[in-house]
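Next input, structure requested:
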Amino acid sequence: MKYSEIPTAQAVVYHCKAKGIDKIVISPGSRNAPLTLGFTLDPFFKCYSIVDERSAGFFALGIAQQLKCPVALLCTSGSALLNYYPAVAEAFYSDIPLVVISADRPSYKIDIGDGQTIRQDGVFDRHIGYSSLLKQDLIHATSELKVWDILRKDIDPDTLAIKQNEVKLFNERELNMALEMASLQNQPVHINVPFEEPLYGLMDKASYSPELSAAQGVIREAKLPLEELTATWNSSAKKLIIIGVLSPKSLPQEIIDSWVKDPSIAVLTETTSNLADPQFINSIDSIIAPAELAQQKSDFFDQIKPELLLTIGGLIVSKKIKAFLRRWKPDHHWHINEKKALNTFNALSKHIKEDPADFFHRFNPAVRGVKSNYKALWQNADRQQMTLRKSYLHSIPFSDLKAFDAIFRAIPSHYQLQLANSSTIRYSQLFDLDPSFTIFCNRGTSGIDGSTSTAIGASLYNKTPTLLISGDLSFLYDINALWNDYVRSDFRIIVMNNEGGGIFRILPGKKDNENFERYFETTHQANFEKICDAHGVDFLSASSEEELQGELDMFFEIGERPKLLEVKTPRTLNDRVLLGYFDFLSSAIYSDNH
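Down below sits the predicted model:
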């Protein structure tokens, strides 16, 4: 096997290997050649070539999302590194471990007018778990270092060896710190590596001899005593549990069963919760939004206002539940998470720094039953909206809402769903999805960028087929996701094409003018068939309920190439149908209050 002749390049590769980081997503360049050669010449690593760094960042994020272990990104110097920032921010807020490795020019060539140089050190400092600037080797390109007066021209070999060993020890400590942060804390990290030319030299035997330090492990705080918690729990007749973003199979069935049996507990889940039970509420907005429209909404909200709110998982999609709980505050809000607790509802009183499953195994033996009709209040409201939803869907013309209903009913069981942000994830919250689905969405920053790249990366490490459902702008924003050799033949894409940012029609503001259409809705006439043809993707299209059903019948069939189904819906009708849905529910449920 061959090795880069640059010691620090060998060190980076060695430490990644020692930590088991074997998935490397590489974007092309010259400055990163020592690392590209080091990773690609070692059969331990599985390397992917993605030209567009922004797409590469999300591609790697999708892999790390599925494997729950660090995935490395590698790029050249200059603006290439900045293109990782959207994925780094998403990883930071979603607790996904990305290891960003950037090659850099030597420090003496920064800010002097040399090509492809920027200030790379610390560029992610506000959104990174750990940032490291490695030191440049002194025994590589030594003559160039003397030209730049970094080394004395008459430096003797022994002094040079001592100084090089200092570089080695510093870099080794930094690599350990960065990679352990990624591995143990599920945080993105950045390792910036300066290289001087020549860059492509290889050697038959590694010259780097490691002095690895052992991983320190996660320092855990003492567990909260149960007495105060159980006293509050056992005296609360109105307990609301909300599950945010959660990986599939995160909670044991016995914990779920304990919630189901307790009449004082109502459990609200979201599409991204990956948690299902017939007694859970999974369409929060269909309950809260109609009540908001009622004149006497305070009566209902006073009834469902929790005494104790318990939250588990990541960020919550529903704006309605956030608004409700910020105004009708719980007496107590506990969040269970080993690392952090977000004060989403401005009511946080306890951060329980434990794994949720561990906490409930410790906590449940001390729990007593409480007489309550709290769960029944939520479930009655849920049953009402479910019945009315079917009636409304039957009555409306073809639109986003009707199309999503048909799509979710047509998806085969055990699919992985990757949902884009904005309208797609919010529409999905209104339907009862098959509990066999595993569902993901980049909710850390909730941006529309990178959804396709994430889905393609994630699909490579999921045994079942993957379906991406995306809005048109989100898909167009990430077309380069299809520009690689890693799109599985069973990968499926549904693009909801309403010729613009349809969600802006739902939001407040004047909509029937050219300014809105150009700068908010950003209407377009993109040709999705030509996009598919350019990237080797089979294309289907539907613009009516009948056409959609016909295309869905064959869309999921096995084929030799990935498929994209474009669903054309009426741009100026979708918002009226959706808002009309909540008006319809409110009128039917709260007619006496209008």
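
So what's the gap between the helix or strand Ser587 falls within and the chain middle?
Here Ser587 sits within helix 574-589, counting by DSSP states H and E. Relative to its chain's centre, helix 574-589 lies at 30 Å (Cα atoms, centre = their mean, to the nearest Å).

tell me which residues in that helix are buried?
574-575, 577-578, 580-582, 584-586, 589 (16 or more other Cβ atoms under 10 Å). All C-beta spots, glycine's among them, are computed from the backbone N, C-alpha and C.

secondary structure class for Val12?
helix (DSSP: H, G, I helix; E, B strand; the rest coil).

List the contacts of it.
35, 38, 101, 134, 175, 191, 193 (Cβ atoms under 8 Å, 6 or more residues apart in numbering).

One more: Val267?
241-243, 259-260, 277, 279-281 are the contacts of Val267 under Cβ under 8 Å, 6+ apart.

wait, doesn't Ile50 sit right on Gly62?
No. Using Cβ atoms under 8 Å, Ile50 makes no contact with Gly62, being 11.3 Å away.

Which of those two has more residues huddled nearby?
Neighbour count, other Cβ atoms under 10 Å: between Ile50 and Gly62, Gly62 has more, with 31 against 27.

Setting the sequence-adjacent residues aside, check what's closest to the more buried one.
Gly457 (2.8 Å; Cβ to Cβ, 6 or more residues apart in numbering).

Quick check: the one you found vs Leu315, distance?
In this view, Gly457 and Leu315 are 20 Å apart by Cβ to Cβ, to the nearest Å.

between those two, who's got more neighbours?
Remark: of Gly457 and Leu315, Gly457 carries more neighbours, 31 against 17, as counted by other Cβ under 10 Å.

Just the closest of the buried residues of helix 574-589 to Ala289, please.
Phe582 (4.3 Å; Cβ to Cβ).

List the contacts of the closest one.
Counting by Cβ under 8 Å, 6+ apart, Phe582 has contacts 285-286, 289-290, 293.

Below-threshold pLDDT in the stretch 201-350 of the chain: ranges please.
212-221 (pLDDT under 70).

Ok, the chain next?
Ranges of the chain meeting pLDDT under 70: 212-221, 500-514, 516-521, 592-594.

got the domain boundaries for it?
What automatic domain parsing lists as the domains of the chain is 3-203, 226-380, 398-572.

Could you dump those domains into CSV with distance to Arg389 added?
Shown next, in CSV, are the domains of the chain (distance: least, Cβ to Cβ, whole Å):
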stretch, distance to Arg389
domain 3-203, 30
domain 226-380, 7
domain 398-572, 8
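
closest to Tyr392 out of those domains?
domain 398-572 (8.4 Å).

So which bits of stretch 329-340 are buried?
330, 332-338.

could you dump it to CSV, C-alpha only?
Taking C-alpha atoms only, stretch 329-340 is exported to CSV below (Å, rounded to 0.1, in the frame of the first residue of the first chain):
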residue,chain,number,x,y,z
LYS,A,329,-48.0,27.7,29.7
PRO,A,330,-47.7,24.4,31.7
ASP,A,331,-46.9,24.6,35.4
HIS,A,332,-43.8,22.4,34.7
HIS,A,333,-41.8,21.6,31.6
TRP,A,334,-39.3,18.8,31.6
HIS,A,335,-37.1,17.9,28.7
ILE,A,336,-35.2,14.6,28.6
ASN,A,337,-32.0,14.6,26.6
GLU,A,338,-28.4,13.7,27.6
LYS,A,339,-26.9,16.8,26.1
LYS,A,340,-29.3,19.8,25.8
